[in-house]
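A.B. asks: No sequence on hand, only this structure:
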């Protein structure tokens, strides 16, 4: 039942096997690109959502729920936006036996739904800032799909803000980046770099797009979130204006932010996982500590199970998600099963542990056993929780950093890209160059510049040799 | 800004005003029957979801998420089911510029989605019982809509179970009823009666339907949840079978259960609310205790606000959702605003309270003030929490019970129905009689029999005068 391929050698097959064998999704549902999320995935996803929602609400966001269906005329109001999204919209055209009077889109994203109401809700500077978010699925008619990486139905959060001034809007963009870091790096140990996307890769309708890229083991970058400076474009299209303190009507400045819950799941699975299966950060694990009884007779069984239950109660009482595995399987089978599922800590309890008063605790991340005195259990579990997070961070960052390379010539760039590296290179800034790269290596993209990047003299463009005013990140992407 | 009509005299207008003035939903979104859920509603709804999910998981249910879209051929597999739901399905027929090869339904309910996978997942008695649920929106092309009562998009939970035996399935139906009670009565103080629906009012595809009816102030019953004994009908349609311990292939016995989160919101609002607005049970209130500073000078202001913050911290530290209202409005304006929003407890703090060491605590349910010594605050808040729940239960049950009446003649039945009563009456059991009633009083329905009802000699049918073998509940319904 274990994973039969190596993550390094055949990532694609490894990923597919983990999704199935750790029982995360079932892809056999009868509509392409729509997967069934199974309990183990849903419970991880729920924790990720809670982390984001908690952080967003600390920052003054409030939860809302907008309709799934968006009228065609809403989508059409902002002309760049509709160009970007209309080709991939699913349309509802019938209700019962009737043809609807107008087509309704399944939300591909909800700017136009939110902002049609913002124009009603915002009248005065007193109504600002307005910071709302929703946790929903969105729908896109994609040609190729892969669970957690690209779906026709996928889970995310979308936060939509409106401000009186451009300064506040830009501050929000920074806050969004901070929000992502607090969850994805601080708690999930997934490293990423925030880049300012080149103009041709901006969100449809945005002035500027900042997006977080992580790197998957097969050497492709994966965008896990983005935040957009929308300027006043949507405010113009939807007529969102307010009377300011000075008595003047002004348009609002808007931002929107989307952490991709699906993509974050993909990164979590791929970056931390190993040849035994999932490796879950402690805070998102549906079961944080599993307790496995080991016995060789009925008499032993009763004593051992009683002790296991006691330990579970102790852990649950301290707020950990703990479980005793009483299934009629061998300890070895259970070990493999919970390792496959990525449970961070396993406590093995048999006669020896009862007699010695020391418990055997197995760490999923390092696959090492430690002995823990029973009376020190809670303290040690809390220490291990932190230690596991630090270990996952260390490994993930080591991998991420080792794959970023400065390059100045085309040959090295192409070799780096083919080897799954992120190249940092001088660039002329022209879309034509970026387009031409894609014809040389499948999926190769100019991902953008660092946040503190300044235009200047960076030598010659790595592609066309003309003067380079920028230093950009270039990598293969999904 | 307050409510301008009485709930008793004009419920419909009262309900509409509360939805708007307590800022629960906005109905101005551009698609009929699709409303925007605003933060105050979403935060209440989130608490209700958590209560149900917690109880379901205690009972062994696990969370899943199935696709929104259901292929037409899945819907058609169970012939009663498709007859019941097809007329009210929204259809997705296009993706981008392309016409899809086959129509896809927005889930009106997800039996056919779940059971298409159950046939893959269930092979052996070891795979049973299977108890899964999802918290989602569903979609129905309804002609008339009203927020929280009937929508084209509404929120619910659907739990789908499969068992080896009929006994286990029937036990699950009882467990579902208990689940509803634990949330809706025990914590939300909404009274209801579970009835076995007459055969013509069963869920499409079920052997038996048991549904919970509450009574709205305007005297119409509202179904807030239902649980269905599906027998082996869907198991036959979807070929869900397992090898039992005896080596024989057998079909599973299935149940499904749906607490209507939207409907429960409607009941919560309507049953507890009063002429000042919402009255929220303590456990679901987004803000449980609001602290209002009262001051008449800048010097007083600083002291009073400091004390308010201290009290808020104390409450938050004990796990309550507390808030200091520092908006630049008069205390009177704030009192009205939080009463409109249904916040259970308000603490008013001014110079007098600081000097005396006693806080003025206002209960939303009774609209009475009590003095609480500061050092006893936490203990008293906890007492008040229970006391509020008991008071809401007492009032709600008093109303509910006062509206149930035994009747034996047609005239009294019609008068009772018009007066918004639930009649309990002898009945012949024929659909024709039930249909004929509806032509006499709009919305009048035979709702079914009590759970422990035994067929017998109940005299003459209240409608046709032929022998009555049943005693049924009859009331106007939505």
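C.D. replies: Yep, it's here. Quick caveat: nothing in here was measured; it's all calculated off a predicted structure.
A.B. asks: Which residues are in contact with residue A:53?
C.D. replies: A:63, A:133, A:135, A:157 (C-beta atoms under 8 Å, 6 or more residues apart in numbering or on different chains). Bear in mind the C-beta positions are built from the backbone N, C-alpha and C, glycine included.
A.B. asks: Nearest to chain B, out of those: which one, please.
C.D. replies: Nearest to chain B among these: residue A:63, at 4.3 Å, using C-beta to the nearest C-beta.
A.B. asks: hmm, back to that, hmm, which two among the contacts of residue A:53 are most spread apart?
C.D. replies: A:63 and A:157 (9.7 Å; C-beta to C-beta).
A.B. asks: can you list residues touching both of these two?
C.D. replies: A:53, A:133, A:134, A:135.
A.B. asks: I'd like to know how far the second one sits from residue A:257.
C.D. replies: Think residue A:133. Separation of residue A:133 from residue A:257 (C-beta to C-beta, to the nearest Å): 8 Å.
A.B. asks: which residues are common contacts for the two?
C.D. replies: Common neighbours of residue A:133 and residue A:257 (C-beta under 8 Å, 6+ apart) are A:158, A:159.
A.B. asks: Please parse chain A into its domains.
C.D. replies: A:11-272, A:282-400, A:404-476 (automatic domain parsing).
A.B. asks: who's in contact with residue A:11?
C.D. replies: Residues near residue A:11 by C-beta under 8 Å, 6+ apart: A:216, A:217, A:218, A:270.
A.B. asks: Kindly report the same for residue A:251.
C.D. replies: Residue A:251 neighbours (C-beta under 8 Å, 6+ apart): A:232, A:235, A:236, A:240, A:241.
A.B. asks: near chain B, from the residues you listed?
C.D. replies: Applying C-beta under 8 Å from any C-beta of the partner chain to the contacts of residue A:251, one finds that nothing falls near chain B.
A.B. asks: For burial, what's the neighbour tally of residue A:298?
C.D. replies: By other C-beta atoms under 10 Å in any protein chain shown, the residues close to residue A:298 number 7.
A.B. asks: my bad, should have said residue A:207
C.D. replies: By the measure other C-beta under 10 Å, the count of residues near residue A:207 is 18.
A.B. asks: where do the strands sit along the stretch 301-450 of chain A?
C.D. replies: Applying DSSP state E, counting those that start in this stretch to the stretch 301-450 of chain A gives strands spanning A:322-324, A:345-349, A:358-363, A:368-373, A:404-406, A:422-427, A:444-450.
A.B. asks: how about the residues of the stretch 101-250 of chain A that lie near chain B?
C.D. replies: Counting by C-beta under 8 Å from any C-beta, the residues of the stretch 101-250 of chain A near chain B are A:103-104, A:106, A:113, A:116-117, A:120-121, A:132, A:137, A:139, A:141, A:153, A:155.
A.B. asks: Report whether stretch A:253-269 contacts chain B.
C.D. replies: No. Figure legend: stretch A:253-269 not in contact with chain B (C-beta under 8 Å from any C-beta); closest approach 11.2 Å.
A.B. asks: measure that stretch end to end?
C.D. replies: 37 Å (C-alpha to C-alpha, to the nearest Å).
A.B. asks: and the closest residue to residue A:339 other than its chain neighbours, backbone torsions?
C.D. replies: Leaving aside its sequence neighbours, residue A:339 sits nearest to residue A:276 (C-beta to C-beta, 6 or more residues apart in numbering or on different chains; 4.6 Å). As for residue A:276, its main-chain torsions (degrees, to the nearest 10) stand at phi -100, psi -10.
A.B. asks: Would you mind putting the contacts of residue A:53 into JSON lines with pLDDT, secondary structure and neighbour count alongside?
C.D. replies: Converted to JSON lines, these look like this (pLDDT from 0 to 100; DSSP: H, G, I helix; E, B strand; the rest coil; neighbours: other C-beta atoms under 10 Å in any protein chain shown):
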{"residue": "A:63", "pLDDT": "98", "secondary structure": "strand", "neighbour count": "22"}
{"residue": "A:133", "pLDDT": "98", "secondary structure": "strand", "neighbour count": "26"}
{"residue": "A:135", "pLDDT": "98", "secondary structure": "strand", "neighbour count": "21"}
{"residue": "A:157", "pLDDT": "98", "secondary structure": "strand", "neighbour count": "22"}
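A.B. asks: Specify which member of these is nearest to residue B:423.
C.D. replies: Nearest to residue B:423 among the contacts of residue A:53, with distances taken as C-beta to C-beta, is residue A:63, at 41.7 Å.
A.B. asks: Identify the bridge partners of that closest one.
C.D. replies: residue A:133 (DSSP bridges).
A.B. asks: Let me see the backbone angles for residue A:23.
C.D. replies: Per-residue torsions, residue A:23: phi 60, psi 50 (degrees, to the nearest 10).
A.B. asks: what ranges do the helices span in the stretch 201-350 of chain A?
C.D. replies: With DSSP state H, counting those that start in this stretch, the ranges of helices along the stretch 201-350 of chain A come out as A:233-238, A:261-272, A:298-317, A:331-340.
A.B. asks: Turn the strands of the stretch 301-450 of chain A into JSON lines, including distance to residue B:44 and mean neighbour count.
C.D. replies: Converted to JSON lines, the strands of the stretch 301-450 of chain A look like this (distance: least, C-beta to C-beta, whole Å; neighbours: other C-beta atoms under 10 Å in any protein chain shown):
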{"stretch": "strand A:322-324", "distance to residue B:44": "31", "mean neighbour count": "21"}
{"stretch": "strand A:345-349", "distance to residue B:44": "37", "mean neighbour count": "23"}
{"stretch": "strand A:358-363", "distance to residue B:44": "41", "mean neighbour count": "18"}
{"stretch": "strand A:368-373", "distance to residue B:44": "43", "mean neighbour count": "13"}
{"stretch": "strand A:404-406", "distance to residue B:44": "47", "mean neighbour count": "14"}
{"stretch": "strand A:422-427", "distance to residue B:44": "45", "mean neighbour count": "23"}
{"stretch": "strand A:444-450", "distance to residue B:44": "41", "mean neighbour count": "22"}
